[in-house]
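Q: Can you look at this prediction? I've put the sequence above it.
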Amino acid sequence: MKLLTAICALALVVSFAAVASAEVQNVKVSGDLTMYTIWRNNYDLGSNDDLAPGLIGVEAASQNWFQSAAEVQVDADLTDNVSTCIRMINQRDWDDPEVGSDYTASVNTLDVLVDLAYVRLKEILYSPLTVTIGRQDLWFGQGFIVGAKQRDPSATIAANEYTVINSFDAIRATLDYNPWTIDLVYSKIEENSNESYDPIGKNDDVDLYIANVGYKFDSYKGEVEAYYVGLFDRSDVVALNESNETDTIGLRGSFDPIADMTIGAEGAYQFGDFAQATGVDKPFIERDRHAWATDLSGEYRWPNVKWTPKLGLEYVYYSGEENDKFTDSGDWRGWNPVFRGKTFSAIREFQNIYYRTNFRTDSAFYNYEQNPDQDSGMSNEHQIIVTGQLKPTENVTFDAEYAHFIQAQKSDPANTKADLGDELDFALTYNYTEDVTFGLLAAWFIPGSYFPNGQDDTAADLVGSMKVSF
């Protein structure tokens with residue numbers, strides 16, 4: 001890490017000097033506008049018509065609203081392999097319900113935010129080396145561990161899974177030794193996260209470190225990569241003298257054994273420390289972290305058949321913690337999704353991440369403050385996913401997915417059932433022109449026996465979209 005720090009510090013000095021005197025060789029302005037109309041029903045899996053919708057909270061039985069996002073990006077090529085990128089965005093729900101006494105929209109809905117702002121230096125100091133400094137997107141492999149830092153800083157959208165802000169404040173060094181690629185990344189996730197305890201913000205940050213090595217083979221479209229991802233969360237270290245550390249090591253690979261088939265596999269192991277909330281005399285105890293995750297996939301394509309069908313099968317596993325181990329001092333086995341970018345379903349994926357189920361909200365059934373995320377869509381779960389695709393015309397694509405979800409470990413002491421449920425997702429995409437795309441998503445999550453009677457209504461999601469790119 002000292003070598004990476006030295007390289008990045010030197011790159012920062014050089015970049016400032018270069019930008020100060022550089023000529024602009026080429027400027028490109030691009031962007032897009034995306035409009036959504038969203039209708040949802042029973043997102044908490046219970047009929048709560050008298051309850052207002054809210055992020056990480058109970059959801060009304062039926063909701064509908066419009067949402068939009070506008071992005072403008074400016075890319076500039078300067079001299080001597082120096083380039084810059086700035087992307088400004090605004091995202092909001094139409095006629096934001098967060099209004100003042102004069103019924104004017106919340107000021108936040110007018111916010112223009114910086115999503116990307118970075119400088120890229122190619123062949124710096126050494127011809128295979130590229131350094132990127134600033135707010136940038138990070139996506140490694142299939143995005144199983146690191147792909148998106150989803151957030152809504154101005155709290156202007158209700159459906160956070162559709163946020164356009166997924167970027168990281170980071171320094172990235174890339175060494176291109178074709179067919180080898182080596183990436184080293186440092187990212188600041190949170191600065192001064194406990195100012196109420198320590199205004200100076202000493203040692204209470206959240207930091208991310210990544211080392212990724214990839215190799216592409218000459219045949220079978222084969223590729224493989226190995227990685228280390230370290231997430232160091234010291235946000236509680238000042239107040240509670242404990243911290244969370246998630247170290248993830250993994251291996252991913254894919255290849256085409258025959259021309260129209262792709263097989264992929266990824267496995268990851270997590271170790272480090274977990275600061276466990278016990279709810280007893282000592283509010284936090286530090287436990288050793290040991291967790292596992294696996295993603296196995298296969299796809300077959302028929303390119304010479306009418307409508308060019310595709311069929312895929314995928315199995316995903318995230319380890320979990322048993323319900324009687326939440327106050328234990330033994331190993332913590334719940335999987336930490338880190339900053340996963342790849343998603344597998346429209347509804348279940350975000351349960352108890354952005355939207356609490358009624359079962360979890362009711363403390364008589366589940367104490368979610370002491371049992372973090374063990375019934376969410378990103379931990380403690382087996383997923384079996386079947387996908388299909390058809391292209392009736394050159395401009396129309398139809399995708400379908402069936403997914404079945406099973407808990408890996410029982411997360412609720414009063415519940416012996418592991419069947420979480422099933423989901424059906426259907427998506428229709430129409431490329432009206434090269435610049436305009438229309439989309440329609442319909443999804444249903446059918447709860448399984450894990451959810452008790454009265455807390456097991458089918459959730460439905462219907463999303464229409466239009467995207468214009470320029």
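A: Great, that's in hand.

Q: For the helix or strand Ala400 falls within, which helices and strands make contact with it?
A: With elements taken from DSSP states H and E, the one containing Ala400 is strand 396-407. Counting by 3 or more CB pairs under 8 Å, 6 or more residues apart in numbering; DSSP states H and E, the packing neighbours recorded for strand 396-407 are strand 381-393, strand 419-431. Using the backbone N, CA and C atoms, a C-beta is placed for each residue, glycine as well.

Q: contacts for it?
A: 320, 344-345, 348, 375, 377, 380-392, 418-431, 448, 450 (CB atoms under 8 Å, 6 or more residues apart in numbering).

Q: Return the members of those residues classed as buried.
A: Listed as buried from those are 320, 344-345, 348, 375, 377, 380-383, 385, 387, 389, 391, 418, 420-425, 427-429, 448, 450; burial here means 16 or more other CB atoms under 10 Å.

Q: got the buried residues for stretch 204-223?
A: Asp204, Asp205, Val206, Leu208, Tyr209, Ile210, Ala211, Asn212, Gly214, Glu223.

Q: now do stretch 247-255
A: So for stretch 247-255, counting by 16+ other CB under 10 Å, buried means Asp247, Thr248, Ile249, Gly250, Arg252, Gly253, Ser254, Phe255.

Q: Among those residues, which are located in helices?
A: If you go by DSSP state H, the buried residues of stretch 247-255 have nothing in helices.

Q: Against which helices or strands is the helix or strand where Asn212 lies packed?
A: Asn212 is located in strand 206-216, with elements delineated by DSSP H and E. With contacts taken as 3+ CB pairs under 8 Å, 6+ apart, strand 206-216 sits against strand 180-190, strand 223-233.

Q: mind listing what Gly46 touches?
A: Gly46 neighbours (CB under 8 Å, 6+ apart): Thr357, Asn358, Phe359, Gly454, Gln455, Asp456, Asp457.

Q: ok, and the closest non-adjacent residue to the residue nearest in space to the middle of the chain?
A: The residue lying closest to the centre of the chain (CA atoms, centre = their mean) is Gly341, at 3.6 Å. What sits nearest to Gly341 in space, not counting adjacent residues and going by CB to CB, 6 or more residues apart in numbering, is Gly147, at 1.7 Å.

Q: quick one, helices of the protein?
A: Going by DSSP H, the chain shows helices at 2-21, 237-240, 358-361.

Q: Please work out the average pLDDT along the longest one.
A: What helix 2-21 shows for mean pLDDT is 44.

Q: Next: the second one.
A: With pLDDT averaged residue by residue, helix 237-240 scores 50.

Q: from what I can see Met378 touches Val338, true?
A: No. Using CB atoms under 8 Å, Met378 is not in contact with Val338; the gap is 9.6 Å.

Q: Kindly state the beta-bridge partners for Val210.
A: If you look again at residue 210, you'll see it is Ile, not Val. Going by DSSP bridges, Ile210 is paired in beta bridges with Val185, Val229.

Q: What distance do you get for it to Ile182?
A: Counting by CB to CB, to the nearest Å, the separation of Ile210 from Ile182 is 11 Å.

Q: ok, now Gly214?
A: 8 Å.

Q: repeat for Gly46
A: Counting by CB to CB, the gap from Gly46 to Ile182 is 50 Å.

Q: Could you do Gly448 as well?
A: 44 Å.

Q: And for Asn244?
A: 28 Å.

Q: of the two, who's got more company?
A: The neighbour comparison of Asn244 against Ile182 (other CB atoms under 10 Å) goes to Asn244, with 21 against 15.

Q: hang on, Tyr186 packs against Tyr209?
A: Yes. Using CB under 8 Å, Tyr186 makes contact with Tyr209 at a distance of 5.9 Å.

Q: Could you tell me the model confidence score at the nearest residue in space to His290 that is not next to it in sequence?
A: Nearest residue to His290, sequence neighbours excluded (CB to CB, 6+ apart): Asp331, at 4.6 Å. At Asp331, the model reports a pLDDT of 85.

Q: number of nearby residues for Asp461?
A: 19.

Q: who does the residue nearest to it when sequence neighbours are not counted bridge with?
A: In space, and not counting its chain neighbours, Asp461 is closest to Ala443: 4.2 Å by CB to CB, 6+ apart. Counting by DSSP bridges, Ala443 is bridged to Asp425, Asp461.

Q: Could you give the number of residues near Ala443?
A: Residues near Ala443, counting by other CB under 10 Å: 20.

Q: what ranges do the strands span in the stretch 251-400 of the chain?
A: 261-277, 284-301, 310-318, 381-393, 396-407 (DSSP state E, counting those that start in this stretch).

Q: can I get these in CSV with mean pLDDT and distance to Pro153?
A: Below are those laid out as CSV (pLDDT from 0 to 100; distance: least, CB to CB, whole Å):
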stretch, mean pLDDT, distance to Pro153
strand 261-277, 91, 26
strand 284-301, 91, 28
strand 310-318, 98, 28
strand 381-393, 97, 29
strand 396-407, 97, 31
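
Q: got the ones you listed as a markdown table, with distance to Gly31 columns?
A: Formatted as a markdown table, the strands of the stretch 251-400 of the chain follow (distance: least, CB to CB, whole Å):
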| stretch | distance to Gly31 |
| --- | --- |
| strand 261-277 | 33 |
| strand 284-301 | 32 |
| strand 310-318 | 31 |
| strand 381-393 | 28 |
| strand 396-407 | 24 |
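
Q: so which of those gets nearest Val24?
A: For the strands of the stretch 251-400 of the chain, proximity to Val24 was assessed by CB to CB; strand 396-407 is nearest, at 38.8 Å.

Q: Tell me how many other residues surround Ala291.
A: With other CB under 10 Å as criterion, Ala291 counts 24.

Q: residues in contact with it?
A: Tyr269, Gln270, Tyr318, Ser319, Trp332, Arg333, Gly334, Trp335, Asn336.

Q: beta partners for it?
A: Assessed by DSSP bridges, Ala291 has beta-bridge partners Gln270.

Q: Any figure for the gap between it and Ala61?
A: Taken as CB to CB, the span from Ala291 to Ala61 is 36 Å.
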